[in-house]
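1. Sharing a sequence plus its predicted fold:
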Amino acid sequence: MTFGDGSILMKTGLEVNPDGAAASYTPGDHGYTYINNGVNLHIHGKKLGCSAQGNQSLCHTEWTKAEAGNFGPGTAEFCVYAMEVEPPAGGTKTACELPRKGRYFVGNGKGRPKAGEQVPTASGDMVASYLSMTHLTHTVHGQVAYIDSAAIPGLVTPQSNLVGALAWVRYGDHEVFAIVNDSGPAFGEGSVALHQQLRNGQVGSIQPIGPIPIDLRCSSVETGLKPPFVSRPDGGANDLCKAGHKAKTSSDIRAYQGIGSGVTSIILASIKPPMSGTTVTEEVTLERLREWVTKAGFTPEKLHQMATCLAH
């Protein structure tokens with residue numbers, strides 16, 4: 001439902017949107033989410049959505065080949081929308097899937113995913129990542145940066161005018177101040193940090209990525225995973241940890257355990273932090289989220305009262 005000031009109240013499930021976290025996408029496809037969720041394959045001018053089940057295997061195969069070929073001439077072309085792209089040496093980025101903005105080709109010598117931070121693995125190593133993007137950015141030490149899904153509670157919106165709006169989210173006994181930090185096809189997705197706060201009351205430490213090697217399978221490295229993180233064995237569901245079973249394959253760690261139902265969200269459409277375009281002009285932190293919301297007059301009591309409207 002929508003209030004007179006434009007605030008939107010809803011009760012939904014909550015899937016996980018890890019975009020913006022350093023470990024979202026990595027070479028070798030071991031990040032919090034699959035590369036297929038951030039790209040589309042283009043063959044002879046035809047777009048194939050890589051997140052569609054029927055295209056996933058082909059996309060994965062062609063992306064692996066493109067990585068091995070350093071995304072050079074002759075490799076497959078992908079339109080990338082969830083990672084930053086750097087152009088070929090001496091060239092410029094090639095836009096794709098217009099009129100959508102911020103989408104560029106990688107592969108076939110047209111560009112490659114931009115490298116991000118080094119991230120920890122379950123084996124104790126540090127590996128490269130791809131720079132994951134969010135629609136909303138903020139200003140950290142004078143530099144524009146994407147919103148880190150692993151640190152900041154964020155929501156996804158299908159309405160671009162809501163990007164940057166502040167929000168209040170409740171699940172069970174936990175209440176969280178959040179910000180609309182990304183765009184997507186529908187409401188009902190939230191960042192890693194939002195999921196952790198709603199379930200555990202606090203943002204967790206950085207979760208190392210997979211693969212979990214066979215010798216560490218079913219150890220505390222795997223059994224100690226907390227939502228939204230889950231183990232996804234290479235051998236499929238038949239190789240999940242269970243009594244009497246000896247794991248046969250390595251396993252990736254994905255941020256895929258959503259909340260099925262019962263999440264109350266109020267998007268405060270008229271309340272945004274100081275912004276220039278889609279960039280918050282200061283750093284977004286947990287404390288600043290709380291301050292911005294309460295300064296606008298949305299006390300816990302008022303938010304609770306608004307939430308009760310779902311019962312009527």
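-> Alright, I've got the coordinates.

2. was I right about Lys65 contacting Gly74?
-> No. Here Lys65 lies out of contact with Gly74, judged by Cβ atoms under 8 Å, at a distance of 9.6 Å. For every residue, glycine as well, the C-beta is placed using N, CA and C.

3. So these two - more neighbours on which side?
-> Lys65 (14 against 10; other Cβ atoms under 10 Å).

4. what's the burial count for the nearest residue to the more buried one once chain neighbours are set aside?
-> Spatial nearest neighbour of Lys65, excluding adjacent residues (Cβ to Cβ, 6 or more residues apart in numbering): Thr75 at 6.3 Å. Thr75 has 21 neighbouring residues, counting by other Cβ under 10 Å.

5. With Gly13 instead?
-> For Gly13, the neighbour count with other Cβ under 10 Å is 12.

6. swap in Val263?
-> So Val263, with other Cβ under 10 Å, has 21 neighbours.

7. Please apply the same query to Pro18.
-> The number of residues packed near Pro18 is 28, by other Cβ under 10 Å.

8. likewise Lys226?
-> 13.

9. pretty sure it is touching Gly204, no?
-> Yes. With contact defined as Cβ under 8 Å, Lys226 reaches Gly204; the gap is 6.6 Å.

10. Now for the two: what residues contact both?
-> Here Lys226 and Gly204 have Gln196 as joint contacts, going by Cβ atoms under 8 Å, 6 or more residues apart in numbering.

11. my guess is Ser7 contacts Val293, does it?
-> No. Using Cβ under 8 Å as the test, Ser7 is too far from Val293 to be in contact (11.3 Å).

12. tell me, what's touching those two both at once?
-> By Cβ under 8 Å, 6+ apart, the residues touching both Ser7 and Val293 are Leu268.

13. Just give me how far stretch 279-295 sits from the chain centre.
-> 20 Å (Cα atoms, centre = their mean, to the nearest Å).

14. ok, and for that stretch, which residues are buried?
-> By neighbour count on 16 or more other Cβ atoms under 10 Å, the buried set for stretch 279-295 is 280, 284, 286, 288-289, 292-293.

15. what's the answer for stretch 106-126, then?
-> Applying a neighbour-count criterion of 16+ other Cβ under 10 Å, one finds 106-114, 116, 119, 121-123 buried in stretch 106-126.

16. Let's see which of these end up in strands.
-> Mapping the buried residues of stretch 106-126 onto strands (DSSP state E) picks out 106, 112-113, 119.

17. got TSV for those, with pLDDT and distance to Gln159 too?
-> Listed next are these as TSV, based on pLDDT from 0 to 100; distance: Cβ to Cβ, whole Å:
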residue	pLDDT	distance to Gln159
Val106	99	28
Arg112	98	32
Pro113	98	28
Val119	98	32
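
18. low-scoring stretches of this structure, by residue?
-> 312 (pLDDT under 70).

19. And the helices in it, which stretches?
-> Along the chain, the segments classed as helices by DSSP state H run 56-68, 192-200, 220-223, 286-295, 300-307.

20. contacting residues for the residue nearest to Lys65?
-> 62, 65-66, 69, 107-109.

21. ok so, going back, mean neighbour count, the helices of the chain: which tops it?
-> Comparing the helices of the chain by mean neighbour count (mean count of other Cβ atoms under 10 Å), helix 192-200 ranks first with a mean of 24.

22. so what's Pro120 up against?
-> 126, 206, 208-209.

23. among those residues, which are in strands?
-> Those of the contacts of Pro120 lying in strands (DSSP E): Met126.

24. sorry, back to before: for the helices of the chain, give me a markdown table that also has distance to Gly49.
-> Shown next, in a markdown table, are these (distance: least, Cβ to Cβ, whole Å):
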| stretch | distance to Gly49 |
| --- | --- |
| helix 56-68 | 9 |
| helix 192-200 | 24 |
| helix 220-223 | 31 |
| helix 286-295 | 33 |
| helix 300-307 | 36 |
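
25. circling back: any idea how far the residue nearest to Lys65 is from Val39?
-> Distance of Thr75 to Val39, given as Cβ to Cβ, to the nearest Å: 13 Å.

26. swap in Ile271?
-> Using Cβ to Cβ, Ile271 is found at 34 Å from Val39.
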